[in-house]
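Student: sequence and predicted structure are below.
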Amino acid sequence: MAIREILLLGNPKLYKVSETVQESELKELAAIVNDLHDTLIDFRNKYGVGRAIAAPQIGIFKRLLYMYIDEPVIFINPTLEFIDAEMMEIIDDCMSFPQLLVRVKRYRRCMIEYLDLQWKPQKMMLEGDLSELLQHEYDHLDGILATMRAIDNKSFFLRSELSN
């Protein structure tokens, strides 16, 4: 439907906790999902990266995530459960700060439970980079940015400098 402006680091709205999606709002979600898709694809075309986006990043403060790798997956009111305590250290990026990378620790495995667009409960086990990706997007729903999860104050890199 439309490419939406992505809220950027420093915008106080990014720290807002999102509200639960109600079943009565289901019809409205189709347009939002289309906007999330269009915005993600536009970002991917500009920067060559981008696998998922959270609704708060486009100013919609609902518990809604959109992932597009091989096919679109919509996560309504997701909850995360960590299977074990094993962590991994990764370099995280974000559409809200496209030139900045942050070293963070994330759980290696997690289970995400969510509702689909038919309001049916779903479950997905994630490991490795997909586990990291969904933890990152889930954080957006609670107003948490990767910058807030930095391992230490030396964990920030400009994308252009890291590749040198």
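Tutor: Right, received. Where do you want to start? Please read these numbers as outputs of a predicted model, since none were measured by experiment.
Student: next structured bit after the longest strand belonging to the chain?
Tutor: Secondary structure assigned by DSSP state E gives strand 72-82 as the longest strand of the chain. Going down the chain from strand 72-82, the next helix or strand is strand 87-92, by DSSP states H and E.
Student: Three-state assignment for the residue nearest in space to the middle of the chain, please.
Tutor: With distances taken as Cα atoms, centre = their mean, the residue of the chain nearest its centroid is residue 137 (2.1 Å). With DSSP: H, G, I helix; E, B strand; the rest coil as the basis, the three-state label of residue 137 is helix.
Student: for this protein, what spans make up the helices?
Tutor: When secondary structure is read from DSSP state H, the chain shows helices at 26-47, 129-141, 159-162.
Student: out of these, which comes closest to residue 13?
Tutor: Distances from residue 13 to each of the helices of the chain were compared by Cβ to Cβ, and the smallest falls on helix 129-141, at 11.1 Å. C-beta here means a position set from N, CA and C on the backbone, and glycine is covered the same way.
Student: show me how far the least confident helix or strand in the chain by mean pLDDT is from its chain's centre.
Tutor: Within the chain, confidence by mean pLDDT, DSSP states H and E is lowest for helix 159-162 among all helices and strands, at a mean of 82. Between the centre of helix 159-162 and the centre of its chain there are 22 Å (Cα atoms, centre = their mean, to the nearest Å).
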